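Novice: Coordinates for the following, if possible.
(one chain, ligands or ions: 1)
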Amino acid sequence: MDNFKRTKLPSLDISVSCRLIGPSGRRFTWYSSNTKRSGKGTAIVWFRNDLRMLDNEALYKAWFVSETVLPVYCIDPRLFGTTYHFGFPKTGALRAQFLIECLADLRKNLMKRGLNLLIQHGKPEDVLPSLAKAYGAHTVYAQKETCSEELLVERLVNKGLQQVVIPPSPEKTTGATAQKIPRLQFIWGTTLYNIDDLPFDAPSLPDVYTQFRKIVEAKCTVRSCIKLPTSLGPPPEVGDWGCLPSLEQLGLSSQNVSKGMKFVGGETAALSRVYEYFWKKDLLKVYKETRNGMLGPDYSTKFSPWLASGSLSPRYIHEEVKRYEKERQANSSTYWVLFELIWRDYFRFLSIKCGNSLFHVGGPRKVAHQWSQDKNFFESWRDGRTGYPLIDANMKELSTTGFMSNRGRQIVCSFLVRDMGIDWRMGAEWFETCLLDYDPCSNYGNWTYGSGVGNDPREDRYFSIPKQAQTYDPEGEYVAYWLPQLKTVPKDRRHFPGNLYIKQIVPLKFGTAGRHHKEDKSIGARKANQRGREARGNWRQIG
Ligand SMILES: Cc1cc2nc3c(=O)[nH]c(=O)nc-3n(C[C@H](O)[C@H](O)[C@H](O)COP(=O)(O)OP(=O)(O)OC[C@H]3O[C@@H](n4cnc5c(N)ncnc54)[C@H](O)[C@@H]3O)c2cc1C
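Specialist: Alright, predicted model coming up:
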């Protein structure tokens with residue numbers, strides 16, 4: 001199978017990209033609810049990670065400047081190859097299934113507005129130029145991406161389009177000069193804050209999240225969502241709109257989610273989750289208190305798989321938070337969802353600043369460190385067989401559902417890199433395979449951060465398992481849910497069950513007391529560590 005290569009690329013190619021630097025506060029006055037369509041010919045929308053109708057600027061723009069819009073999604077075989085270094089599946093079965101559902105939903109929603117979705121199996125650089133030629137498209141619109149694999153495809157598509165010449169339409173022939181090369185036009189569409197509204201360019205992006213957040217909160221405004229007209233037709237004449245692939249066609253076997261959270265792909269499911277979490281269950285007002293949970297559907301928003309596939313716009317979440325604050329209440333929890341979305345923005349903008357160093361072993365700070373790639377250790381982590389229930393339960397949840405809580409991700413990351421000393425990229429690539437919400441910026445951003453090679457040198461994080469267990473799963477309910485053999489173990493021993501569970505593959509690097517991470521300095525943490533020591537001591541006696 002063909003693979004992507006993280007080749008060294010120049011920074012974003014401005015000629016085919018949206019602008020990286022924009023004057024602060026620049027606003028789009030271009031759209032309004034009564035904007036009239038005024039375009040000519042055909043425009044293609046190349047759907048990528050923006051699989052939605054609401055707040056899809058690429059789709060809106062294509063509609064606005066054309067007479068007909070051709071929406072296209074390319075099933076790129078490279079997405080179903082293997083990961084860059086360690087050869088894991090590039091897209092696991094659960095995310096592939098989620099993607100298929102997203103596409104089915106997008107097609108249905110496009111049809112409701114008089115269009116359809118053309119599904120093409122092939123590389124975008126092969127598919128799009130030939131479609132542009134066949135339909136005489138003057139422009140291809142797409143959402144801008146920022147990481148090297150996606151940038152490479154953008155460059156190849158642009159190159160392919162340069163070879164296409166669209167003959168002049170018969171009614172307005174003005175000689176040979178009327179021939180045109182289709183343009184590739186990128187739209188910035190993935191973040192809460194638009195890149196054009198940032199008061200700094202990519203190289204001067206602050207190295208510390210808090211600085212970034214404070215500046216954008218003070219100086220930038222979140223733009224309103226773009227709403228599409230009710231009819232986007234007529235569609236171009238297409239003989240065969242193509243079939244959605246099956247998992248088998250993608251070289252994957254179907255996987256049932258037997259327990260835990262089952263996510264359904266697509267904008268329809270995304271909007272219902274927002275409605276359910278904010279309005280029906282009224283959970284937004286307690287988000288800050290519950291967000292560090294690990295068990296059940298409602299401790300956090302669970303928006304991430306839809307955000308990552310672009311089925312949900314962060315600006316829509318922002319609008320809903322503001323509406324909730326007006327109609328119900330505003331408190332630190334309602335703000336905190338936006339705070340987290342700014343983290344997401346930060347990692348996206350950071351990926352422009354860091355370029356490929358985000359994927360390098362030394363990370364953006366080029367830290368020299370001797371990592372192990374011990375297969376035995378790594379596989380025990382991956383398969384949930386480390387002997388530490390908190391790690392094993394989280395890893396089982398990941399492989400069963402494609403999801404893991406933020407708390408869990410931080411804990412298993414710390415365990416892999418600090419306790420096992422394993423190359424953080426092995427963990428990051430395994431997450432790339434499994435996560436429904438996989439996004440290169442957030443995934444590699446968080447992994448470099450968690451393993452101490454990220455751009456913020458102030459953070460050196462060690463998560464002590466006894467402390468984390470005591471604070472976030474004191475009754476051992478989470479571990480017993482994912483490791484049913486622990487159900488019969490007394491609650492206070494579920495995290496260190498000794499010979500009632502499997503043997504621990506490595507000792508904790510800093511002992512059960514853990515090295516004192518800033519959270520762990522509290523009295524609670526000392527007590528938790530003490531309890532951990534006792535539990536382990538007991539186990540030693542039993543074992
Ligand atoms: C090692 C590691 C790898 C990660 N990989 C990814 C990834 O590939 N894709 C991804 O979307 N998130 C990733 N995260 C961030 C975070 O764990 C998830 O976004 C979050 O758990 C999703 O659950 P939620 O939607 O219920 O989040 P909530 O707590 O409800 O937060 C709301 C939204 O804020 C954003 N967000 C929250 N925390 C973070 C964060 N630390 N970084 C970036 N965005 C954040 C997400 O979009 C999330 O949906 C990773 C975190 C770690 C520690």
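Novice: And the contacts of stretch 76-93?
Specialist: For stretch 76-93, the external contacting residues (C-beta atoms under 8 Å, 6 or more residues apart in numbering) are 1-6, 96, 99, 121-124, 149, 153, 247, 250-255, 359, 402, 425-426, 429-430, 432-434. For every residue, glycine as well, the C-beta is placed using N, CA and C.
Novice: Show me how far it is from its chain's centre.
Specialist: Computed by C-alpha atoms, centre = their mean, to the nearest Å, the separation of stretch 76-93 from the middle of its chain amounts to 16 Å.
Novice: give me the number of residues near the one residue in the stretch 151-300 of the chain that gets nearest to the ligand?
Specialist: In the stretch 151-300 of the chain, no residue comes nearer to the ligand than residue 300, which is 3.2 Å away by C-beta to the nearest ligand atom. Here the number of neighbours of residue 300 (other C-beta atoms under 10 Å) works out to 21.
Novice: What about the residue lying closest to it once chain neighbours are set aside, how many residues nearby?
Specialist: Nearest residue to residue 300 in three dimensions, chain neighbours excluded: residue 291, at 4.8 Å (C-beta to C-beta, 6 or more residues apart in numbering). Residue 291 has 17 neighbours, counted by other C-beta under 10 Å.
Novice: Going along the chain, name the helices of the stretch 351-500 of the chain.
Specialist: Taking DSSP state H, counting those that start in this stretch as the test, the helices found in the stretch 351-500 of the chain are 375-382, 389-401, 406-414, 424-434, 440-450, 465-472, 477-482.
Novice: for the stretch 151-300 of the chain, that is, sorry about that
Specialist: For the stretch 151-300 of the chain, the helices defined by DSSP H, counting those that start in this stretch cover 209-219, 267-274, 287-290.
Novice: how big is the angle separating the first one from helix 440-450?
Specialist: Compare the direction of helix 209-219 with that of helix 440-450 by axes from the mean of the first three to the mean of the last three C-alpha atoms, to 10 degrees and you get 130 degrees.
Novice: pLDDT (mean, whole number) over helix 209-219?
Specialist: If you average the pLDDT over helix 209-219, you get 97.
Novice: That helix vs the ligand: in contact?
Specialist: No. Helix 209-219 lies apart from the ligand when judged by C-beta under 6 Å from any ligand atom; the minimum separation is 9.4 Å.
Novice: other SSEs contacting that helix?
Specialist: helix 332-354 (3 or more C-beta pairs under 8 Å, 6 or more residues apart in numbering; DSSP states H and E).
Novice: Just the C-alpha atoms of the helix it packs on, please, in CSV.
Specialist: Presented in CSV, the C-alpha positions along helix 332-354 are these (Å, rounded to 0.1, in the frame of the first residue of the first chain):
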residue,chain,number,x,y,z
SER,A,332,-16.7,29.1,34.8
SER,A,333,-17.9,25.9,33.2
THR,A,334,-19.5,27.6,30.3
TYR,A,335,-16.3,29.5,29.7
TRP,A,336,-14.2,26.4,30.1
VAL,A,337,-15.5,24.7,27.0
LEU,A,338,-14.2,27.7,25.0
PHE,A,339,-10.9,27.6,27.0
GLU,A,340,-10.5,24.0,25.8
LEU,A,341,-11.4,24.9,22.2
ILE,A,342,-8.6,27.5,22.4
TRP,A,343,-6.2,24.7,23.2
ARG,A,344,-7.3,23.1,20.0
ASP,A,345,-6.7,26.3,18.1
TYR,A,346,-3.3,26.7,19.7
PHE,A,347,-2.1,23.2,18.6
ARG,A,348,-3.4,24.0,15.1
PHE,A,349,-1.5,27.3,14.8
LEU,A,350,1.5,25.7,16.5
SER,A,351,1.7,23.1,13.7
ILE,A,352,2.4,26.0,11.3
LYS,A,353,5.1,27.4,13.5
CYS,A,354,6.7,24.0,14.3
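Novice: in that helix, what's buried?
Specialist: Of all the residues in helix 332-354, those buried under the rule 16 or more other C-beta atoms under 10 Å are 333-334, 336-338, 340-354.
Novice: So which other helices or strands are in contact with that helix?
Specialist: Right, helix 332-354 is packed against helix 209-219, helix 287-290, helix 314-327, helix 440-450 by 3+ C-beta pairs under 8 Å, 6+ apart.
Novice: Take those helices and write them to JSON lines, including mean neighbour count and distance to residue 306.
Specialist: JSON lines is the format used below for those (neighbours: other C-beta atoms under 10 Å; distance: least, C-beta to C-beta, whole Å):
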{"stretch": "helix 209-219", "mean neighbour count": "15", "distance to residue 306": "23"}
{"stretch": "helix 287-290", "mean neighbour count": "16", "distance to residue 306": "17"}
{"stretch": "helix 314-327", "mean neighbour count": "17", "distance to residue 306": "10"}
{"stretch": "helix 440-450", "mean neighbour count": "24", "distance to residue 306": "14"}
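Novice: Many thanks, we can stop here.
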